[in-house]
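Novice: Just a sequence and a predicted model for now, questions to come.
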Amino acid sequence: AKVVEIQTKTVTSNPSSKFIMSDKGKDAGASTGKLAILVACWYAGNTLYNVYNKKATNMIHAHWFVATFQLVVGIVWSLVMWATGLRKTPNLTAADIASCIPIGLCACLAHAGSVLASAVGAVSFAQIVKACEPAFAAVVGLLVPPMDVKPVLAYMMLLPIVGGVGLACVKEGKGVDINVPAFLFASLANAAASLKGKLGSSVTKSLKSDPSKNMDAANVYGVMNMISFMFTIPFVVFTELPTLSETFAKAAEEHGSSEIIKNIVISGLFFYFYNECAFAFTSLVGSVTSSVLNTAKRVIIIVVSSIVFNEAMERNTVIGSAIAICGTFAYSLTSKKPAPKTKAA
C-alpha cells in the first residue's frame, strides 16, 4: 500500500515528550502519583469543558458550529505538538487511515450529541441520560460482531440504570417530564460512543502495537479528533451555514463576539485536554477502572453545573440520578469476565 505520512518532523528522543501523555501500552509500573494527576486533570478538564460549552451554546444558537470549532482547537494543538517535535508524528498508511474512518464518524456523533444535548437542555439532565451508556454498550456488544456477552450480573445492573434515569424524569406534580430533544441527542451520544468503543478497540490496539506508526494514546486521540472534525463539516453546511453569519451577528450584538469566541476556544481546549488525559489513563489501567471513574465523574459535573447554571434538582431527579450512577458503577465492576481457568498439567 502506498504510504501516506502525516509527517512534519520526527524526534527520536526528547525528554519533554515523556511528560506529554506518552504511552507504551498498559504500563503496569505507572506510579500512583502519575495516575492521580491524570484523573485530576481528566475530572477538572471535563467539568470545565461542560461549563464553557454550555456558556458558548447559550450565547450562539449554532450548535453544530460550536461542536466543530471545538475540534479545530484540538487539531491546532496536535499540529503544533507534531511540528515542534514535542510529540512523535503519526506515520500511517492509507489502509490505517481507512480503518479509523468509522471510528471517527462515531466520535463525531458522540461529541455532537453531547454538545447538542447540553445546548437544548440542562447539563445535569444530559449527564443523567448519558449514565445509560452501559445499556447501549450492552446492546451493541450483542448485535455487532464479534459478540460480547457479559456476565448475567452485569445485565442485571442495567435495571437500576434505566430505572434511575426514568425516575429522574418524573417531576413532582407533573408526572413524566422529558426534554425530548435533549434526551434524543444524549441517546445519540450514547449509541455513537458505544459503537466507537466496539469498533475502535481492535483498530487502536493494532495501531499502538506497531512502534513504527508512532501511535501512542495521545496520537490515537489526535488522529481520531481530525477525522471526527471532517465528519462535522457536512452537518454544519447543511444545517447551519445558510444562516450562520446572521446567527453569529445577532449573538455578537447581544453578547460580544470576543466573549463568544473565548468560550468556544476555552471549551475546545478543555475538551481536547480532558480526552487526552482520559485516553492516557485508560491505556495505563484498563477499561474497567476507567469506566468506574468515568461514572464518578458524572456526579461532579451534575453538581457543578447545577450550581453554576442554577439548574433545579428536584427530589426525584437527585434520587433517580443517584440510582442510575450507582447502577453504572456496579455494571462497570461486574461486566469484566472472569479470567479463564488454566488446567493443571
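Specialist: Looks like it arrived, so ask away. Given the structure is predicted, the values throughout are model-derived calculations rather than measurements.
Novice: Give me the average confidence score over the helix or strand hosting residue 79.
Specialist: Element membership for residue 79, per DSSP states H and E: helix 63-83. Along helix 63-83, the predicted confidence averages to a pLDDT of 95.
Novice: next SSE after it?
Specialist: helix 94-120.
Novice: Can you identify each of the helices in this structure by residue range?
Specialist: For the chain, the helices identified by DSSP state H occupy 32-59, 63-83, 94-120, 123-130, 133-143, 152-156, 158-168, 180-209, 217-239, 241-255, 257-285, 287-308, 315-334, in order along the chain.
Novice: Considering those, which stretch scores lowest in mean pLDDT?
Specialist: helix 287-308 (a mean of 79).
Novice: what's the angle from that one to helix 315-334?
Specialist: Here helix 287-308 points in a direction 160 degrees away from that of helix 315-334 (axes from the mean of the first three to the mean of the last three Cα atoms, to 10 degrees).
Novice: Just the buried residues of helix 287-308, please?
Specialist: Along helix 287-308, these residues count as buried under the neighbour rule (16 or more other Cβ atoms under 10 Å): 289-295, 297-298, 301-302, 304-306. For glycine as for every other residue, the C-beta is placed from the backbone atoms N, C-alpha and C.
Novice: Packing partners of it?
Specialist: With contacts defined as 3 or more Cβ pairs under 8 Å, 6 or more residues apart in numbering; DSSP states H and E, helix 287-308 has these neighbours: helix 32-59, helix 123-130, helix 257-285, helix 315-334.
Novice: Distance-wise, check residue 95 relative to residue 319.
Specialist: Shown here: residue 95 relative to residue 319, a distance of 50 Å by Cβ to Cβ, to the nearest Å.
Novice: and if you look at residue 138?
Specialist: 24 Å.
Novice: Looking at the two, which one has more neighbours?
Specialist: In this comparison of residue 138 against residue 319, neighbours counted by other Cβ atoms under 10 Å, the higher total goes to residue 138 at 21 against 14.
Novice: That one touches residue 158, doesn't it?
Specialist: Yes. In this structure residue 138 lies within contact range of residue 158 using Cβ atoms under 8 Å: 6.2 Å.
Novice: so how far is stretch 276-287 off the chain centroid?
Specialist: Relative to the chain's own centre, stretch 276-287 is displaced by 12 Å; criterion: Cα atoms, centre = their mean, to the nearest Å.
Novice: Begin at 54, not 1, for the rest of this chat.
Specialist: Done: numbering now begins at 54, and the last item shifts to stretch 329-340.
Novice: mind listing what residue 192 touches?
Specialist: Residues in contact with residue 192, defined by Cβ atoms under 8 Å, 6 or more residues apart in numbering, are residue 247.
Novice: quick one: which of the helices and strands packed on helix 340-361 is nearest residue 131?
Specialist: When the helices and strands packed on helix 340-361 are ranked by distance to residue 131, counting by Cβ to Cβ, first place goes to helix 310-338 at 8.1 Å.
Novice: for that closest one, which positions count as buried?
Specialist: Burial within helix 310-338, assessed by neighbour count using 16+ other Cβ under 10 Å, is assigned to 313-314, 316-338.
Novice: go on, stretch 292-301?
Specialist: Burial within stretch 292-301, assessed by neighbour count using 16+ other Cβ under 10 Å, is assigned to 293, 297, 301.
Novice: One more: stretch 370-384?
Specialist: Applying a neighbour-count criterion of 16+ other Cβ under 10 Å, the buried positions in stretch 370-384 are 370, 373-384.
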